[in-house]
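This is a predicted model, with the sequence first.
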Protein chains: 6
Amino acid sequence: MSEGTSVRAILPGTFDPPTLGHVNLIERSARMFSHLTVVVADNIQKTCLFDAEERIEMLKELTGPYENVDVALHRGLIVDYARENDIHVMIRGVRALVDFGYEFELAMTNKQLNRDLEVIFLPTDPKFFVLRSSAIKEMASFGADISTMVPLSVSERLMKRIHRRDGEKR
Amino acid sequence: MSEGTSVRAILPGTFDPPTLGHVNLIERSARMFSHLTVVVADNIQKTCLFDAEERIEMLKELTGPYENVDVALHRGLIVDYARENDIHVMIRGVRALVDFGYEFELAMTNKQLNRDLEVIFLPTDPKFFVLRSSAIKEMASFGADISTMVPLSVSERLMKRIHRRDGEKR
Amino acid sequence: MSEGTSVRAILPGTFDPPTLGHVNLIERSARMFSHLTVVVADNIQKTCLFDAEERIEMLKELTGPYENVDVALHRGLIVDYARENDIHVMIRGVRALVDFGYEFELAMTNKQLNRDLEVIFLPTDPKFFVLRSSAIKEMASFGADISTMVPLSVSERLMKRIHRRDGEKR
Amino acid sequence: MSEGTSVRAILPGTFDPPTLGHVNLIERSARMFSHLTVVVADNIQKTCLFDAEERIEMLKELTGPYENVDVALHRGLIVDYARENDIHVMIRGVRALVDFGYEFELAMTNKQLNRDLEVIFLPTDPKFFVLRSSAIKEMASFGADISTMVPLSVSERLMKRIHRRDGEKR
Amino acid sequence: MSEGTSVRAILPGTFDPPTLGHVNLIERSARMFSHLTVVVADNIQKTCLFDAEERIEMLKELTGPYENVDVALHRGLIVDYARENDIHVMIRGVRALVDFGYEFELAMTNKQLNRDLEVIFLPTDPKFFVLRSSAIKEMASFGADISTMVPLSVSERLMKRIHRRDGEKR
Amino acid sequence: MSEGTSVRAILPGTFDPPTLGHVNLIERSARMFSHLTVVVADNIQKTCLFDAEERIEMLKELTGPYENVDVALHRGLIVDYARENDIHVMIRGVRALVDFGYEFELAMTNKQLNRDLEVIFLPTDPKFFVLRSSAIKEMASFGADISTMVPLSVSERLMKRIHRRDGEKR
């Protein structure tokens, strides 16, 4: 079994929108596993700025350069996606201790629902420490320069979307 | 690159002695990567109960059943071992928040010394939460029953060693 | 005062719904104190899946086997319940560090409002680590099997309630 | 079982020396349980400023006013003391998050060695937040005024001891 | 440059309403810097009990006694307020570990948006540990005595406001 | 009091040896206060690689460019140094949550010993996150390249010292 094993992994998230931190995680994960699926969680109870189709479109653009990465949409529990697709590794990015408590609990919960799924934590590169989607959206809505936080294509969509939303509010 | 990639990983540690928690980590890691090397750190500044050769012997016994696992000894920085052997993934077990602060800092330090090494964190199975080598040695020296904490072969060696050490002290 | 003191304690919570983790806490607390009152907080600002009466009904069923446990409803500050009933011990379950920061702050706040109330923390059994009511409700709504997380009677009510709610949404 | 149960508890520690924080914990614990034993751990691997007999002497003086409190010496695992004396509750003081990670792990370890022992955490009164024995000894050795940190009788012994030790060093 | 430098600082917050903990922070900050501006964040996405004008009015009353303190209103990113006013120090109060994770992340984010702004953390006096505006409002709405938590003038306004709001709800 | 106040601050530490992280803290602190004294703690109970005189020499070289910074040696409690020199601000660098628990406790202890001393926390620049003196010494002793972690002059001294020490050991 030593040479040439095939281990597939998933990187689940909301990606509303994808950030440079996400791109960094994807790139690093794709080097570690035979195949990586970026799974966009479509949770109807969560209000997103971008709908699931747009988030998938952006991720497909961003993951284009990586041969062994694809993008999928999933409604429901992520552990079920893994089971249905016979995938046994799930990757979660963690930014210092801020995230870890929550992530550890989530990992334990997922393990209880699917004993065959390993959750592994990949520490966020300090360069991308602050790139949380929710914070970026808030900063963008206040007019902050977010060009160093999200890919160029995302930045353009985000600015357009925020202006449209603010226009609707008025 | 999609099917049959070969990704090798290391699991470094002191293993003084190996515990059931270590065995669990090894088993899970061996499923995720093509090849796993358990690297015994031989740090002359750290006083161990078992010398490096014994720790390697115990680990070789314990990892015997796993085809894609071997055991190595290393003196020096673990990041150098990875570089010299062209390995790009290092696995660390983390037990809830107790370990994470230290582990995160260590990962950042290692990253600074070797940009090509990914450190990934694997959460400890709650069943093995308490199996820290140092705590087990302390409990054993007080006569506690440690048979559910270390493999049988380790348990026997540990009891012998502790009795010998205590004999020398008197 | 040495033999046969009577110390009564309260275990407050929302219990929406009660979980196996709650039952475990109740059982352990009932062994440590002369009398235990499970206090259901009826907070009108919090939207619950089960109304206060149902939660009390479920808890009464679950605590039936324990002679020295009863269930009460309280609107308002829990420290006032303690004062009015001349109770000086309040029990809080804590699951690793995830909960502790919040719980410690809450304890300090309660102490400031009622100097005569001791708040004690009881660590959650790792077996019940993931059984947070909110997570269980979310998992149940995604169709996950929650039969190992809540008592059987609760599981049935929960599935019924979620189906009804989802029916109303459509 | 509702009125007049007898529940005994232990409060283990090194108490080198006892502080006002310890006295506060003892007082509060004594109100919550029928009987409290302050257990002085005599760990030969730990170098103490005061030997076990002195620490017991100081604690006996300090706990004199409490009818339902006594002091005991124990060599070995504290879980064994509890088992041998048929005691099922162990109290640990916790000072915010600083202590909690370690205490939680210790509780899990103890639970694994003795399923019948409940470990409960009592939050330290913020007034006594800084009164760690080791810090007090260090401050005293630098000539700091520690009279608000330890009981008067302890303060006198501590100053004498530190002067004697420093004299021996020279 | 050693004598008589002029360093101005800001203390931003929502102050809904100002608490005795805020007053303590203001007093201590005003002693450390040449000039302090208390900046009231007017975030339209956050629902406040008191509108921005009232919060400013309360803060002006409370900071009246301090010669080198003034109060300002700001809509938008606080880093932009600092830049526009050529201020390079921002003060944040931190209450033990509960706040620190969030505050550290916020500081990193702000630093990324404004490299010339230093964020410094001032530990909350334990006496004021529990005085979070949101908790105080919740306690007040349950009829708790909050007179030791907020300045007298704030307490009166708060009680009036809560009664009015509850009246409207009915 | 508004323009041109003189506020002096201290930055205490062991500085064994000073790192680029320390230099960064000094530079940022010197901009915030009228005068900064870097205080080298000479604690006889702590074994240092460099003696106090050498550490002071290195710091004097490194702080040469800053007009309002000087270096001092202190034996004893740092709060006493502050009191004797009529200084009311002490600066501590904090690297994420790893340090904060300990630092917060230390701040509370110092406050108890000297009510007139404010302890402020300055978050470490993520670039210098890993530059802890103890880790750097360990890495250097394993032959790691530390030239990006300490100033050039310190790097040379450190390599010489480690070779001498290792020579003595043999």
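Received it, and whenever you're ready, just let me know what you need. What you are looking at is a predicted structure, and each value in this text was computed from that prediction instead of being measured. Numbering: from 1, shown residues only, chains lettered A, B, ... in the order given.

Please identify the buried residues of the worst-scoring helix or strand of chain A on mean pLDDT?
When the helices and strands of chain A are scored by mean pLDDT, DSSP states H and E, helix A:96-113 comes last with a mean of 78. Neighbour counts using 16 or more other CB atoms under 10 Å in any protein chain shown place A:96-101, A:103-113 of helix A:96-113 among the buried residues. Backbone N, C-alpha and C define where each C-beta goes, glycine included.

Indicate whether stretch A:101-118 makes contact with chain B.
Yes: applying CB under 8 Å from any CB of the partner chain, one finds stretch A:101-118 touching chain B at A:101, A:104, A:107-108, A:111, A:118.

For the residue lying closest to residue A:143 once chain neighbours are set aside, give its distance to chain B.
Distances taken as CB to CB, 6 or more residues apart in numbering or on different chains put residue E:76 closest to residue A:143, at 7.0 Å, once the chain neighbours are dropped. Separation of residue E:76 from chain B (CB to the nearest CB, to the nearest Å): 33 Å.

quick one: residue E:76 and residue A:142 touch, right?
Yes: if you go by CB atoms under 8 Å, residue E:76 and residue A:142 touch, sitting 5.0 Å apart.

show me what contacts residue A:83?
The neighbours of residue A:83, taking CB atoms under 8 Å, 6 or more residues apart in numbering or on different chains as the test, are A:114, A:116-117.

any idea how far it lies from residue E:9?
54 Å (CB to CB, to the nearest Å).

still on that earlier bit, any chance of the contacts of residue A:83 in TSV, plus neighbour count?
Conversion of the contacts of residue A:83 to TSV gives the following (neighbours: other CB atoms under 10 Å in any protein chain shown):
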residue	neighbour count
A:114	20
A:116	12
A:117	19
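
any idea which of the residues you listed is least confident?
When the contacts of residue A:83 are sorted by pLDDT, the bottom entry is residue A:114 at 90.

How about the backbone phi and psi for that one?
phi -150, psi 90 (degrees, to the nearest 10).

who's in contact with it?
Contacts of residue A:114 (CB under 8 Å, 6+ apart): A:79-80, A:82-83.

how about 7 Å then?
Contact analysis of residue A:114 by CB atoms under 7 Å, 6 or more residues apart in numbering or on different chains lists A:79, A:82-83.

Can you tell me which of these lies closest to chain B?
Using CB to the nearest CB, residue A:82 comes nearest to chain B of the contacts of residue A:114, at 13.5 Å.

My guess is that closest one contacts residue A:119. True?
No: checked against CB atoms under 7 Å, the pair residue A:82 and residue A:119 is beyond contact range at 9.9 Å.

Comparing the two, which shows the higher neighbour count?
Higher neighbour count among residue A:82 and residue A:119: residue A:82, with 27 against 23, using other CB atoms under 10 Å in any protein chain shown.

Can you tell me the closest non-neighbouring residue to that one?
Computed as CB to CB, 6+ apart, the closest residue to residue A:82 that is not its neighbour in sequence is residue A:117, at 4.9 Å.

Give me the residues contacting the strand or helix carrying residue A:120.
Following DSSP states H and E, one finds residue A:120 within strand A:118-123. Here strand A:118-123 makes contact (CB under 7 Å, 6+ apart) with A:25, A:28-29, A:88-94, A:103, A:107, A:110-111, B:28, B:32, B:104, B:107, B:119-123.

picking that back up, the inter-axis angle of the least confident helix or strand of chain A versus strand A:118-123?
With axes from the mean of the first three to the mean of the last three CA atoms, to 10 degrees defining the directions, helix A:96-113 sits at 170 degrees from strand A:118-123.

May I have helix A:96-113 as CSV, with CA atoms only?
Output of helix A:96-113 as CSV, limited to C-alpha atoms (Å, rounded to 0.1, in the frame of the first residue of the first chain):
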residue,chain,number,x,y,z
ALA,A,96,-5.2,30.3,16.4
LEU,A,97,-7.3,29.7,19.4
VAL,A,98,-10.1,31.9,18.3
ASP,A,99,-11.6,29.1,16.2
PHE,A,100,-10.3,26.0,17.9
GLY,A,101,-12.8,25.6,20.6
TYR,A,102,-15.7,25.6,18.2
GLU,A,103,-13.9,23.5,15.6
PHE,A,104,-13.0,20.9,18.2
GLU,A,105,-16.6,20.6,19.3
LEU,A,106,-17.8,20.4,15.7
ALA,A,107,-15.2,17.6,15.0
MET,A,108,-16.4,15.6,17.9
THR,A,109,-20.0,16.0,16.8
ASN,A,110,-19.2,15.0,13.3
LYS,A,111,-17.2,12.0,14.5
GLN,A,112,-20.2,10.9,16.5
LEU,A,113,-22.4,11.0,13.4
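
anything in that helix near chain D?
No: residues of helix A:96-113 are not located near chain D by CB under 7 Å from any CB of the partner chain, the shortest gap being 10.5 Å.

Least confident of the contacts of residue A:114?
residue A:79 (93).

Please report how far it lies from chain D.
Going from residue A:79 to chain D by CB to the nearest CB gives 26 Å.

which SSE is the residue lying closest to residue A:151 once chain neighbours are set aside in?
Counting by CB to CB, 6+ apart, residue A:62 is the residue found nearest to residue A:151 once chain neighbours are left out, at 5.8 Å. Element membership for residue A:62, per DSSP H and E: helix A:52-63.
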